[in-house]
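Novice: Give me a model of this one.
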Amino acid sequence: MSKLPLYQCHKMVRAARIVGIEPCDTELNTVLNLSEQFPDGVARAVKVDTAWKTRNPKTAIGGYFVVYEDENGEFTNKSYTAYSPAAPFEAGYTLAGSDPAVRIIFGTESASPDLTFVEIENREGKAVSVGTWSEDPAGYKVLTITAAGVHSA
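Specialist: Numbers count the residues shown, from 1 in each chain. Predicted coordinates for the structure are as follows:
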């Protein structure tokens, strides 16, 4: 698996924590009770069929029901849905509009064209760093931190 290309997620999803799982009819459909209402404020549960349960066999209370944008970039009844365990979901997504755990602010370049001041801020404080730019073998610009100082917020 470590030979596969590495990707970073940069998409928006809609999701809610699953707080209950109940059978709902004789067709073996299941209701997932969710911790959040949908944007229209109506539903706090979603019904999934056996095909969905087959694609998501580890669905469990505490994980997330996730809705992805459709091919038009919208959230509709044609959107792909899936289950995500809590730990990977929470490590990969932050609630839109919330305060991120870490914010990186690039400062102005110094007298040296390859030197940049960078401020890295988390909830506990800030680290002001100095870094140099280089290019990696694939042609991407890389900032290497060469000096850092920490002060509290």
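
Novice: For the chain, just list every one of the strands.
Specialist: 13-23, 30-34, 45-48, 64-68, 81-84, 102-109, 115-122, 125-135, 141-152 (DSSP state E).

Novice: how about the first one: buried residues?
Specialist: So that's strand 13-23. Val13, Arg14, Ala15, Ala16, Arg17, Ile18 (16 or more other C-beta atoms under 10 Å). Bear in mind the C-beta positions are built from the backbone N, C-alpha and C, glycine included.

Novice: Any chance of JSON lines for the residues you listed, columns distance to Ala91?
Specialist: Below are the buried residues of strand 13-23 laid out as JSON lines (distance: C-beta to C-beta, whole Å):
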{"residue": "Val13", "distance to Ala91": "14"}
{"residue": "Arg14", "distance to Ala91": "18"}
{"residue": "Ala15", "distance to Ala91": "13"}
{"residue": "Ala16", "distance to Ala91": "17"}
{"residue": "Arg17", "distance to Ala91": "15"}
{"residue": "Ile18", "distance to Ala91": "17"}
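
Novice: pLDDT-wise, which helix or strand of this protein ranks last?
Specialist: strand 102-109 (a mean of 53; mean pLDDT, DSSP states H and E).
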